[in-house]
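> What would the 3D arrangement of this be:
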Amino acid sequence: MKGSIVGLFAALEGGVPKPSVQTLHIVESGCIGDKQNDTKHHGGPNRAVCLFSKEVLQTLQQEGHSIFPGSVGENILTNGIEWANLSIGSQLQFDQVLLEITSDAPPCRTIKESFSNGSFKRISVKVEPESTRWYAKVIQAGVVVVGESVTVN
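Presented below is the predicted three-dimensional model:
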């Protein structure tokens, strides 16, 4: 399964929405320049990178949600990946970086502005498994850029 990076996001001050960046330096502890305000629930070696799908985002927009790239805290927004086929243990190979999915990224109140009636649980793995965000650990560190390809192993 092959896709591409259509957006990269990092917030120096933390929080959401995360501003768009053209490149992202990814290390074992996370994305350089992306602060986590709640380190109990976000960040760290097993939640170093948050991944989301452009196709899922577009479906949510079509449902009337005000979600937009970076608004739900993702670091990498992909296109062309069969999101429903991802699971814990799936690996995503970029040009320099190799990530492995470790868990879903449970949604929290801080992203409620991206959803009609604040229904942020719409992207909970417990509610809509094929619409969740994913957390990944870093197997191989490096730099990713908008437009580069990604292969799922």
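
> Please, where are all the strands along the chain?
Here the chain has its strands, by DSSP state E, at 2-9, 20-21, 23-27, 30-31, 49-53, 76-79, 91-93, 98-104, 134-140, 142-145, 149-152.

> Mean neighbour count, those strands: which tops it?
Highest mean neighbour count among these (mean count of other Cβ atoms under 10 Å): strand 49-53, with a mean of 25. Every residue, glycine included, has its C-beta placed from N, CA and C.

> can you pull the pLDDT of the closest residue to Ile88 other than its chain neighbours?
Excluding the flanking residues, the one nearest Ile88 by Cβ to Cβ, 6 or more residues apart in numbering is Ile101, at 5.5 Å. Note on Ile101: pLDDT of 98.

> doesn't Ile81 make contact with Ile101?
No: using Cβ atoms under 8 Å, Ile101 is not in contact with Ile81, being 11.4 Å away.

> Relative to Ser114, which of the strands of the chain is closest?
Proximity to Ser114 (Cβ to Cβ) singles out strand 49-53 among these, at 11.1 Å.

> So which elements touch that closest one?
Applying 3 or more Cβ pairs under 8 Å, 6 or more residues apart in numbering; DSSP states H and E, we find strand 49-53 packed against strand 76-79, strand 98-104, strand 134-140.

> could those strands be laid out in a markdown table, adding distance to Val21?
A markdown table is the format used below for these (distance: least, Cβ to Cβ, whole Å):
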| stretch | distance to Val21 |
| --- | --- |
| strand 76-79 | 11 |
| strand 98-104 | 17 |
| strand 134-140 | 17 |
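
> Could you tell me how many residues sit around Lys112?
Using other Cβ atoms under 10 Å, Lys112 has 14 neighbouring residues.

> Identify the residue nearest it in space, chain neighbours excluded?
Nearest in space to Lys112, with sequence neighbours left out and distances taken as Cβ to Cβ, 6+ apart, is Gly118 at 3.9 Å.

> Likewise for Ser66?
Closest to Ser66 by Cβ to Cβ, 6+ apart is Ser114, at 5.9 Å.

> Pretty sure that neighbour sits against Glu63.
No: here Ser114 does not reach Glu63: they are 11.7 Å apart, not a contact under Cβ under 8 Å.

> which of these two has more neighbours?
Between Ser114 and Glu63, counted using other Cβ under 10 Å, Ser114 has the larger neighbour count: 25 against 12.
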